[in-house]
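Undergrad: structure here, sequence nowhere to be found:
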């Protein structure tokens, strides 16, 4: 069967009817696909009878000075990659189809969405949750796959699914990295060759902070050293570099010895100067 | 088959499994059932293979000085009424099951929810939309039935269903009235015998304002006369009495001749003094 290209809600609904009760895996994306995305497609392909990938650059999750207009949209290349992976259908709705003129309803997520990246991108995760809910209700998947690279996003989606009792599983998939450790991201395409070299300071720094935390250095000290290291490596600014509870994303006591448990070390930092500044995020698990 | 009593999410899920692909009608209620509710159950019973009624007094849709605590909860009587109507299942979740301790996600509806009753009850319709979304995702109905008595609520739910692409039909059912025209409402139970007599001024006033509008009196004048009439009949205050577009609930030009179209005349008014004040709402269609 050829891969179905579904460019409006009606063709999606028709395709969904033909699939009927089949077990369906959804991978929501904004396109500009790389190995990290294909790494979400592959376990879905192994698990489900049908796999659908959505490609939608959601304008509502970009802030007024963010990169909505310059976000890469290499559609033909994306479709060729997905066809090679044996995806059954690709959903590529227009903005007008997703948000008709009288559109006015949003999902608002609480504390888990208002910290870390949410603090620096007000409304971002509510807009993500809203579009993800719409993709869920439109495609009605058995499971949906999200990368751990966007760790807070994964947990915002998990929270919404739990709070709204949505009948699907959320699967988190580990981050795919380049040879130097940089997490794969569509935004890496923005980097100049010099910035691309500097970028790898993020995974190196996270590894080193994690090692310090393992050795018993208090979180406030280890994280501040990490921030200093990123700035020294050429990052223009660091939005945050913090240790959090791996599930609730709750803050940890900054100066106390860590209790044993599952933690996550998360950072967001910027390369270059506005308006061509690129914001990169990454995170690492830490088990104590 | 005996009517299934589903008191937690697990028993609802198990029942939903047994029903499987059957066509399911949902009637969401807060209990204290009257003829108006049974009038929602009956068309659902005629239409669907399975009918489920939810009874949940949703604390989040009551304001801090509203009647959550004194809201009537005659459960045994409600269940007897539903059994007689041949309902297949009743879902009666606890507050803790619907809102566990880490609950933090809401639906926020825009303009349609922030006017009329929404203006006087801030956050009310967002809380209604949130609990209705949860009831939809938990029960997965083919169709859900709402009374036109709560006209704005019906349209807020329609808006959410459209905006979130929810896979179900929303059915609005005309209001059931007492012999003197008063719309049936669980809150009528709050009225003293004297207030019960005064209450009928609402439907009488709406009829008279509608007749004036039919006769070409401008909306601002006809509606002001209606407010005066309610106050003269013993209402302590009138939150609003307005003519709106029947679908969008958009305001109409107050002093111009009305174009032909579908309108709705809506009011909310209060009997008695706080804290025992009772707020009644009603509405009438107007076709020009």
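TA: Looks like it arrived, so ask away. Fair warning: this is a prediction, and the values are worked out from it, not measured in the lab.
Undergrad: can you count the residues close to the closest residue to residue A:88 other than its chain neighbours?
TA: Distances taken as CB to CB, 6 or more residues apart in numbering or on different chains put residue A:50 closest to residue A:88, at 4.8 Å, once the chain neighbours are dropped. For every residue, glycine as well, the C-beta is placed using N, CA and C. The number of residues packed near residue A:50 is 23, by other CB atoms under 10 Å in any protein chain shown.
Undergrad: for residue A:50, grab phi and psi.
TA: In terms of degrees, to the nearest 10, the main-chain angles of residue A:50 are phi -130, psi 140.
Undergrad: may I see the buried residues of stretch A:5-22?
TA: Neighbour-count burial for stretch A:5-22, with 16 or more other CB atoms under 10 Å in any protein chain shown as criterion, is recorded at A:6, A:9, A:12, A:15, A:16, A:19.
Undergrad: swap that for stretch A:35-44, please
TA: By neighbour count with 16+ other CB under 10 Å, stretch A:35-44 contains the buried residues A:36, A:37, A:38, A:39, A:40, A:41, A:42, A:43, A:44.
Undergrad: if we can go back for a sec, what is the nearest of the buried residues of stretch A:5-22 to chain B?
TA: Proximity of the buried residues of stretch A:5-22 to chain B (CB to the nearest CB) peaks at residue A:9, which lies at 7.1 Å.
Undergrad: what sits up against the one helix or strand residue A:43 maps to?
TA: For residue A:43, the element it lies in under DSSP states H and E is helix A:35-47. Under the criterion CB atoms under 8 Å, 6 or more residues apart in numbering or on different chains, residues A:23, A:25-27, A:29, A:51, A:53, A:81-82, A:85-87, A:143, A:145-147, A:149, A:171, A:173-176, A:183-185 lie in contact with helix A:35-47.
Undergrad: of the buried residues of stretch A:35-44, closest to chain B?
TA: Closest approach between the buried residues of stretch A:35-44 and chain B, by CB to the nearest CB: residue A:44, at 21.5 Å.
Undergrad: give me the nearest residue to that closest one, chain neighbours excluded.
TA: Distances taken as CB to CB, 6+ apart place residue A:25 nearest to residue A:44, at 3.4 Å, with adjacent residues excluded.
Undergrad: I'd like to know how far that neighbour sits from chain B.
TA: Distance, residue A:25 to chain B, using CB to the nearest CB, to the nearest Å: 19 Å.
Undergrad: who does that residue form a beta bridge with?
TA: Note on residue A:25: beta-bridge partners residue A:51, residue A:143, judged by DSSP bridges.
Undergrad: same thing with residue A:279?
TA: residue A:270.
Undergrad: got the contact list for it?
TA: Residue A:279 sits next to A:187, A:239, A:268, A:269, A:270 when contact means CB under 8 Å, 6+ apart.
Undergrad: okay if I get those residues as JSON lines plus pLDDT?
TA: Below are the contacts of residue A:279 laid out as JSON lines (pLDDT from 0 to 100):
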{"residue": "A:187", "pLDDT": "94"}
{"residue": "A:239", "pLDDT": "98"}
{"residue": "A:268", "pLDDT": "98"}
{"residue": "A:269", "pLDDT": "98"}
{"residue": "A:270", "pLDDT": "98"}
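Undergrad: would JSON lines of those residues with distance to residue A:93 and neighbour count be doable?
TA: As requested, the contacts of residue A:279 are exported to JSON lines (distance: CB to CB, whole Å; neighbours: other CB atoms under 10 Å in any protein chain shown):
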{"residue": "A:187", "distance to residue A:93": "22", "neighbour count": "16"}
{"residue": "A:239", "distance to residue A:93": "31", "neighbour count": "18"}
{"residue": "A:268", "distance to residue A:93": "29", "neighbour count": "22"}
{"residue": "A:269", "distance to residue A:93": "33", "neighbour count": "26"}
{"residue": "A:270", "distance to residue A:93": "31", "neighbour count": "17"}
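Undergrad: and the two most separated of those?
TA: Spanning the widest gap among the contacts of residue A:279 are A:187 and A:239, at 14.0 Å by CB to CB.
Undergrad: please report phi then psi for residue A:156.
TA: phi -60, psi -40.
Undergrad: which stretches of the stretch 151-288 of chain A form strands?
TA: For the stretch 151-288 of chain A, the strands defined by DSSP state E, counting those that start in this stretch cover A:169-173, A:237-245, A:262-271, A:278-287.
Undergrad: pick the most deeply packed of those.
TA: Neighbour counts (mean count of other CB atoms under 10 Å in any protein chain shown) averaged over each of these peak at strand A:262-271, with a mean of 21.
Undergrad: now that one against strand A:278-287, angle please.
TA: Taking axes from the mean of the first three to the mean of the last three CA atoms, to 10 degrees, one finds strand A:262-271 and strand A:278-287 inclined to each other by 160 degrees.
Undergrad: starting at the chain centroid, how far to strand A:262-271?
TA: Distance of strand A:262-271 from the chain centroid (CA atoms, centre = their mean, to the nearest Å) equals 13 Å.
Undergrad: and stretch A:214-234, by the same measure?
TA: That offset, for stretch A:214-234, works out to 24 Å (CA atoms, centre = their mean).
Undergrad: got the buried residues for it?
TA: The neighbour-count check on stretch A:214-234 (16+ other CB under 10 Å) flags A:217, A:218, A:219, A:222, A:223, A:225, A:226, A:227, A:229, A:230, A:233 as buried.
Undergrad: export those residues to TSV and tack on pLDDT and distance to residue B:63?
TA: Below are those laid out as TSV (pLDDT from 0 to 100; distance: CB to CB, whole Å):
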residue	pLDDT	distance to residue B:63
A:217	95	49
A:218	95	45
A:219	96	41
A:222	97	47
A:223	98	42
A:225	98	49
A:226	98	46
A:227	98	45
A:229	98	51
A:230	98	47
A:233	98	53
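Undergrad: what does the stretch 101-250 of chain A put close to chain B?
TA: Proximity of the stretch 101-250 of chain A to chain B, by CB under 8 Å from any CB of the partner chain, involves residues A:102-112, A:129, A:133-134, A:137-138, A:140, A:159-160, A:163-167, A:248.
Undergrad: how does it look with 6 Å?
TA: A:103-106, A:108-111, A:133-134, A:137-138, A:160, A:163-166 (CB under 6 Å from any CB of the partner chain).
Undergrad: restricted to helices, list those residues.
TA: The members of those that map onto helices under DSSP state H are A:133, A:134, A:137, A:138, A:160, A:163.
Undergrad: widest-spaced pair of the buried residues of stretch A:5-22?
TA: A:9 and A:19 (15.4 Å).
Undergrad: domain ranges for chain A?
TA: What the record gives for chain A is the domain set A:4-173, A:186-287, from automatic domain parsing.
Undergrad: so which of those is nearest residue B:288?
TA: With CB to CB as the criterion, residue B:288 lies closest to domain A:4-173 of the domains of chain A, at 22.4 Å.
Undergrad: and the contacts of stretch A:232-246?
TA: Stretch A:232-246 is contacted by residues A:116, A:120, A:198, A:201, A:219, A:223, A:226-227, A:230, A:252, A:262-270 when judged by CB atoms under 6 Å, 6 or more residues apart in numbering or on different chains.
Undergrad: can you do 8 Å?
TA: For stretch A:232-246, contacts defined as CB under 8 Å, 6+ apart pick out A:116-117, A:119-120, A:195, A:198, A:201-202, A:205, A:209, A:213, A:219, A:222-223, A:226-227, A:230-231, A:250-252, A:258, A:261-273, A:277, A:279, A:285-286.
Undergrad: please apply the same query to stretch A:1-19.
TA: Contacts of stretch A:1-19 (CB under 8 Å, 6+ apart): A:50, A:79, A:82-83, A:87-94, A:97, A:138-140, B:165.
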